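K.L.:
make a model of this:
(chains A, B, C and D, ligands or ions: 4)
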Amino acid sequence: MKENECILEMRNITKTFPGVKALDKVNFEVKKGEVHALVGENGAGKSTLMKVLSGIHSPSEGEIIYQGKKVEFAGPLDAKAKGVVLIHQELSLVDEMTVAENIFLGDLPRNKFGFIDWKGLNKRSKELLERLECEFEPTELVGRLSIARQQMVEIARGLTQDVNIVVFDEPTASLTQEEEKVLFENINRLREQGTAIVYISHRLNEIFQISDRITVLRDGEMTGLLNTAETNECELTSLMIGRDLEDHLDFEKRGRDEIGKEVLKVEGLSKDGLFNDISFSIHEGEVLGLSGLVGAGRSELAETIFGVRKADSGKIFLEGDEIKVGDANKSVDLGIGFVPENRKEQGLILGRSVLDNLSLAKIRNLNRYGFIKGREEKLIYQDYQDKLDIKTPSSKQQVKNLSGGNQQKVIMAKWLCINPKLLILDEPTVGIDVGTKAEIHKLIRKLAAAGIAVLVISSEMPEVMGVSDRILTMYHGEITGEFYAEEATEEKLIKGITGIEAGACKVG
Amino acid sequence: MKSKTGIMKVKDNFDIWDFVQKNSIWLIFVICIVFFSIMTPNFLRVRNITNIFLQSSFIGIMSIGMTYLMIDGNFDLSMGSIMALSAVLVIGFMDYGIPVAVLLSLLAGSAIGALNGLFVTKAGINAFIVTLGSMLGVRGLVYIYTGERALVSSELAFSEISAASVGPIPLPVLIFLIMLILGELVLRYTSHGRGCYAIGGNYEAAVNAGIKVDKHIIINFILAGFTAALAGILMASRMNAATPTLGMEDHMIVITAVVLGGTKLDGGFGNLIRTLGGVLVIGMIRNGMNLLNVHSYVNMLIMGLILISVVYMDQKFDPLEE
Amino acid sequence: GSSGDEAAPDIDEVVIGITNNNVGIDSYQTTHYETFREEAEELGVETVRLDATGDPALQVNQIEDLIQQQVDVIVVWPVSGDAIVPAVRNANQQGIPVLIANSPIDESGFELVEGFAGPDNLTQGKYAAQMMKEALDGEGKVVELMGLPGYVTAHQRSDGFNEEVENYSGIEVIETQPADWDRSRAQEVMEDFLTKFPSGQIDGVYAADDNIAMGAINALEEAGRLDEVKITSATMFGDGYDAMKEGKIYGTIYQSPVEDARKTVQTAVRIATGEEVEFFNYFDTPKVTLDNIDEYERPIW
Amino acid sequence: MGSSVKTESNLKDSSSKKINFAEIIKRHGILFVFLLMIIGISLRTDSFLTQNNMLLVLRQVSVKGIIACGMTYMLIGGEFDLSVGSLVSLTAVLVIDFHDILGPFAAIIIAILAGISVGAFNGFLVGFLKLNSLIVTFGMLFVIQALTLLYTGGQYVSVSNQGATWFSIIGRGFIFGIPIPVIIFGIILIIFGVVLSKTVYGRYLYSVGGNPIASKFSGIPKTYITFSTFIITGLTAAIGGIILGSRLMSAQNYLGQGYEFDIITAVVLGGTSLFGGSGSIPKTLIGVLILGFLSNGFIMMGFPYYVQWVVQWAILIGAVWMDVASKRGKILA
Ligand SMILES: Nc1ncnc2c1ncn2[C@@H]1O[C@H](COP(=O)(O)OP(=O)(O)OP(=O)(O)O)[C@@H](O)[C@H]1O
Ligand SMILES: Nc1ncnc2c1ncn2[C@@H]1O[C@H](COP(=O)(O)OP(=O)(O)OP(=O)(O)O)[C@@H](O)[C@H]1O
Ligand SMILES: [Mg+2]
Ligand SMILES: [Mg+2]
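P.N.:
Ligands and ions are numbered 1, 2, ... in the order given. Presented below is the predicted three-dimensional model:
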């Protein structure tokens, strides 16, 4: 195996969509046995570049050289057959089928009679799962696995055959730290076998931990090709966002004695199987962080507070008045906003326009006798498009055509424009680039400064610690700890979220 | 949104409700038998049971095609019309000999199925609209072809196909059961079968995994057309004639039977053994209500209510919790 | 009940099974259905009444079910006169006598059944044609509104009418459309006819029953062309009776579902108790025009 | 943005292409075929393109058109209602039967209440119990039909003294030469069109149909929106039943049977998606007119209605085929 041999070269790739130039003369190369990170802001064109590679999109200009030959893959399957595998962040699994079937879906091993070879199938899957250190059986139904485990199935599927290049598009967004570690081990193993890895992520610490080289994209252009060892976060971010990034997470926090009026109070909220006896409160102008591992039940708790889920028992008070649990419509009237975890499924009406989505919560107050006040709606739209810098060609653009980060901003805007008293943010920065992320963090603090009570759910420890005045840890459906910003350390939080000494620091 | 079992929920001890849900169709089956045999003494006679099987076999044959289709997340409203078309064709072409006539009408049924499949897959039009179009269109063809009249077969041998029996089992029943078993094997042990589950379970995942989704769906539409044609031919043989109004409501009865059997309306789950249960229950109810002399309006009311309760069950039933 | 080989049962042991065509599709069949029950109760015989809802295949099943129950006689109101032949043969083999009601069985089935009881639809169509000739003085263009395609009754009435019209050189059927026994459908079709054929081009309307005639009348009245057109129909309903009195319908046929059902039950009972019956048991379906309408009561159907 | 929208995977890619095909067919193909058809028919029959005939078709489609407005809401909201045909017969029977007992005004109120109640029941099953609307309303089709039959005993009901009531005006009257059913249809078109495009309710309807989950997560009372579409559709069915009853001055259970399929075909032909979240009232008007002119044209040409079924099928196939062929440069890629 020759060192430094370029297995893939993408030259001068340009890709235009109607109204958008997603990629502009991008050069990208990958060598055998390297982990090549691809970074950039939301909408920079990372996913698009990979889709061009695998043949989902054909490039408007440019060529792809793979193993020394000019190629154009017909699609991901063709690419996979020729050794280039793309692993999406989005799960693409059949819930009703077993893990083994899902891994070999589309290529189930058959015996000599043409029937499916169930034994062989399960055996091969088992081997694969063992290699990935997964602790579940090939015969389990995928629908019953946790999201993180499903993600592992997705990864296993990419590795059923010998591959030359594996592309991971934001693989860790829903993985636990433990699983992330296993994933990295696997990546390293692949690298040692000479496989090239393309690794897309917004988490810079991961990039530095795993990658050999980094290609940076900004607004569809390539702004840098770096050796990881020779660069640092500062340089990287300035290449990504085109300016220097100040250490933005260093906010002024409120202390124990500065808290304002109580906005939300939750008392003994329980839901069988999801969370148990949850009590806490949030105050005016306070950012409360809720930290926990995937599956801790934070999202369900948030959904219950907002009212899209019902609880078995417990009470919720808003500004001292008890509110009916399980009525989201009422919650919006009362001024509770909720940015859910899953943008596409829970946050957006993908087929409708940016304008429609942005004003969806507000229009209940934007009408006379039921008729929407079109001009005011438009004004609000412009206001928030401006404030949050939402990149869209027009207000009529279908929201599904925006990049992930801009979609997230639309959802934020949807809630900000109702002037909420309480804003719940569930993983507000998942899949969002550092620049936008910093903006969102600043925004959160600004909202708090304006007197809004903010509940932030995040799996990213620095994020929670960075923005919150106070942090709750959650483990297995129970609250295991409460820390003020000044006393919170990563160590303490980890104890809380992993259940070590659970109960020892439990709050009432 | 995916519903997932929570982490704290452990299911190890026997749960009656769980068991009931898992086996609902067979429980209904038993209840039906008990109810009708108490209500009418004739119900459990061997001849009546053969009768129920015979009557059910036509709906049953069609339900095989429909099960495949519904597992992959589609359905076919045109099956009743295809059945009528093949019935009139098989009689219309009787002069060329039975084998030719039978082959031809099987071909015609499959061709319409293929057409349905092509439009659902290649043009991306919803199965509801595509098969609604062909439901009416094919029925129109039948009227035009027959000049609105019934066609009668001159060939007595043809009517013996349906009348024949192997041992005590009438030929249509035998055909039904053999196809059912074969169909179930294919569902379980071939890539076509597993492909259907994958497509119905998660269409996008199936495409991403390189399953030739269109091919499988078209095959299933052809199968639906084929089974409808087969049922039509057997029906024509049974009546030694074919009327243009044949099978007007059959597509819905077939869908009801399949859903009653527990095949999920949105695909990804179900099998033919369950469908057999659904078919037999519908057959028993139709037969039993005849024996019970239920007023025809009430009969209609009961069928409507059954349909609604079937959907209620479908909604409550989550295969992942099995 | 008992099977056919045994000695004929007494009248109070008789069980009659009937499979109807499509109860509820029109008031004729509904009245028939009810009268059938009443008459049977009157005579003290038991009945099993099924309805094929217009589905020939279902009717075959129902005949099998009736054989199953070993009724003493099976009455079939055929959805299709052809499709029931094998099932009737089956009944025949099981020794259960079959009586055909209202619409005929295909000729190939004649030897398998005891007889037929009901109206003569072919003749009704002919009568309607004769009255049309009278109304138009032997000269004119006629549109025909048929019943539901695929049903024997609809076709027989149409056939009768057209066969008879063949004999009249002056009368021409210029258009035929199905109206499905449905008033609103008939009205729509008539409206379209009226635009297609401007004033003076339609002289007569033949409606397969009064239901259809009423739809046609609605359309004609609205177009202000009722005066130009003579209407004949093939079964009188209550509404049609009133319309005739107002001079809107020229001629129709008095066909009573009550009489039809009674005749059927009586014939069936005679068969069950072993009496010999004639093969055709037509009941009288006379012509009705304004001249003789007062001889009849207003139909309750 | 006209051309194809590519998203995360090749599959979404191809499915969105499909949606696009369908959209183009719906936008242009059908209209094109429609025009051809009108030209074809008018070449064959002189009376087709006359003002009288146009008015006639408008009146003939008005009942189905009114219900189609309700059905448009239904489909945009992502549900189906197959029970409208039966509901037409039920409400027609009620309005006629109560006409002689309580007078026309009360009878109309009763029919409307009946329509709304049945709609509410459907809405309860689908909105609150979350049952599959396609099958549930198909079941309801039988239930309502059976109830109508039990109510009438299968007999015709008629208004006894037709001359003595204003009731027939609704179905038969004219204002300025325009049939009143057409005027009612027009008013309903406008109201429904405006509500859909200009009000919060309309916006919510699109959201609920477009993404029910995200709607819930935006605090939109999805259940009630779904519930309301059934009530609205029930209401339009009742209005349809009343007009039909008034036109015929009599009613029977057979009335309106099979309307559901015609109406859904019309709405979809117009271009409203069966998947929810898109569609509009003007589109529905086009679809309704296509069906109305087809059916009128076929009678004009002297074909029985079932020939129209075949042609309708062929139009659907033809329009799609044309589009697929032109898109891919060859037939059946
Ligand atoms: N099918 C499409 N139609 C129109 N524009 C598109 C399409 N796909 C992507 N784009 C645009 O191309 C640009 C690049 O998007 P891409 O998804 O590649 O960004 P990304 O770098 O992966 O961002 P993120 O980190 O948010 O996922 C964005 O402006 C996006 O709006
Ligand atoms: N052990 C498990 N078995 C099945 N499903 C699980 C399990 N753990 C978590 N899930 C599912 O995974 C998803 C994420 O879990 P949940 O929302 O409770 O966690 P969270 O604390 O909000 O974490 P995050 O928001 O980071 O995903 C939920 O849909 C949950 O039902
Ligand atoms: Mg991306
Ligand atoms: Mg979560």
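K.L.:
what's in contact with stretch A:338-348?
P.N.:
A:299, A:302-303, A:306, A:308, A:328, A:331, A:350, A:357, A:399-400, A:404, A:407-408, A:410-412, A:415, A:423-428, A:430, A:457, B:1, D:211, D:213-214, D:217 (Cβ atoms under 8 Å, 6 or more residues apart in numbering or on different chains). Where you see a C-beta, it was placed from the backbone N, CA and C, and this is true even at glycine.
K.L.:
centre of the chain versus it, how much separation?
P.N.:
11 Å (Cα atoms, centre = their mean, to the nearest Å).
K.L.:
any residue of that stretch touching ligand 2?
P.N.:
Yes: Stretch A:338-348 comes into contact with ligand 2 (Cβ under 6 Å from any ligand atom), by way of residue A:341.
K.L.:
quick check: buried residues in that stretch?
P.N.:
Across stretch A:338-348, burial judged by 16 or more other Cβ atoms under 10 Å in any protein chain shown covers A:338-344, A:346-348.
K.L.:
what's the answer for stretch B:90-109, then?
P.N.:
Going by neighbour count (16+ other Cβ under 10 Å), the buried part of stretch B:90-109 is B:90-94, B:98, B:101-102, B:104-106, B:108-109.
K.L.:
could you dump it to CSV, C-alpha only?
P.N.:
Extracted in CSV, the C-alpha atoms of stretch B:90-109 (Å, rounded to 0.1, in the frame of the first residue of the first chain):
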residue,chain,number,x,y,z
VAL,B,90,-63.1,-16.5,-20.5
ILE,B,91,-66.6,-17.1,-21.7
GLY,B,92,-66.3,-14.8,-24.7
PHE,B,93,-63.2,-16.7,-25.9
MET,B,94,-64.6,-20.1,-25.1
ASP,B,95,-64.8,-20.9,-28.8
TYR,B,96,-61.0,-21.1,-29.0
GLY,B,97,-61.0,-23.8,-26.4
ILE,B,98,-60.9,-23.7,-22.6
PRO,B,99,-57.1,-23.5,-22.2
VAL,B,100,-56.8,-20.6,-24.6
ALA,B,101,-59.7,-18.8,-23.0
VAL,B,102,-58.4,-19.3,-19.5
LEU,B,103,-54.9,-18.3,-20.5
LEU,B,104,-56.1,-15.2,-22.3
SER,B,105,-58.2,-13.9,-19.4
LEU,B,106,-55.4,-14.6,-16.9
LEU,B,107,-53.2,-12.6,-19.2
ALA,B,108,-55.7,-9.8,-19.4
GLY,B,109,-56.1,-9.6,-15.6
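K.L.:
hmm, who's touching it?
P.N.:
Defining contact as Cβ under 8 Å, 6+ apart, one finds that stretch B:90-109 is touched by B:82-83, B:85-87, B:89, B:145-146, B:151-155, B:157-158, B:161, B:225-226, B:228-230, B:232-233, B:236-237, B:241-242.
K.L.:
look at residue D:316 and report its pLDDT.
P.N.:
Per-residue pLDDT puts residue D:316 at 65.
K.L.:
which residues does whichever residue of the stretch 101-250 of chain C sits closest to ligand 1 contact?
P.N.:
Nearest residue of the stretch 101-250 of chain C to ligand 1: residue C:188, at 47.9 Å (Cβ to the nearest ligand atom). Contacts for residue C:188 (Cβ under 8 Å, 6+ apart) come out as C:215, C:219, D:60, D:295.
K.L.:
from those, which is closest to chain B?
P.N.:
The shortest approach to chain B among those belongs to residue D:295, at 12.1 Å (Cβ to the nearest Cβ).
K.L.:
okay, buried residues for the helix or strand containing that closest one please.
P.N.:
Here residue D:295, judged by DSSP states H and E, is contained in helix D:281-300. Neighbour-count burial for helix D:281-300 flags D:281, D:283-300 (criterion: 16+ other Cβ under 10 Å).
K.L.:
any idea how far the residue nearest the centre of chain C is from residue D:254?
P.N.:
Central residue of chain C (Cα atoms, centre = their mean): residue C:153, 5.4 Å from the mean position. According to Cβ to Cβ, to the nearest Å, residue C:153 stands 15 Å off from residue D:254.
K.L.:
same question for residue A:402.
P.N.:
For residue A:402, the distance to residue D:254 equals 53 Å [Cβ to Cβ].
K.L.:
for residue B:216, same thing?
P.N.:
Relative to residue D:254, residue B:216 is positioned 41 Å away (Cβ to Cβ).
K.L.:
same check, this time on residue C:21
P.N.:
According to Cβ to Cβ, residue C:21 stands 14 Å off from residue D:254.
K.L.:
again, but for residue A:127
P.N.:
Distance of residue A:127 to residue D:254, computed by Cβ to Cβ: 66 Å.
K.L.:
got the end-to-end distance for stretch A:265-280?
P.N.:
Stretch A:265-280 has an end-to-end distance of 6 Å (Cα to Cα, to the nearest Å).
K.L.:
what mean pLDDT does it have?
P.N.:
Mean predicted confidence for stretch A:265-280 is 89.
K.L.:
need the strands for the stretch 201-301 of chain C, in chain order.
P.N.:
Taking DSSP state E, counting those that start in this stretch, the strands of the stretch 201-301 of chain C run over residues C:204-207, C:230-233, C:251-253, C:280-282, C:287-289.
K.L.:
ok, which of those comes nearest residue D:147?
P.N.:
For residue D:147, the closest of the strands of the stretch 201-301 of chain C is strand C:204-207, at 29.3 Å, according to Cβ to Cβ.
K.L.:
sec struct for the residue nearest the centre of chain A, please.
P.N.:
Nearest to the mean C-alpha position of chain A, counting by Cα atoms, centre = their mean, stands residue A:430 at 2.9 Å. Three-state assignment for residue A:430 (DSSP: H, G, I helix; E, B strand; the rest coil): coil.
K.L.:
and what of residue A:377?
P.N.:
With three-state DSSP as the basis, residue A:377 sits in helix.
K.L.:
residue contacts, it?
P.N.:
A:355, A:359, A:362-363, A:366.
K.L.:
mind doing that once more with 10 Å?
P.N.:
If a contact means Cβ atoms under 10 Å, 6 or more residues apart in numbering or on different chains, then residue A:377 has A:355-356, A:358-359, A:362-363, A:366-367, A:395, A:417, D:203 as its contacts.
K.L.:
many thanks, we can stop here.
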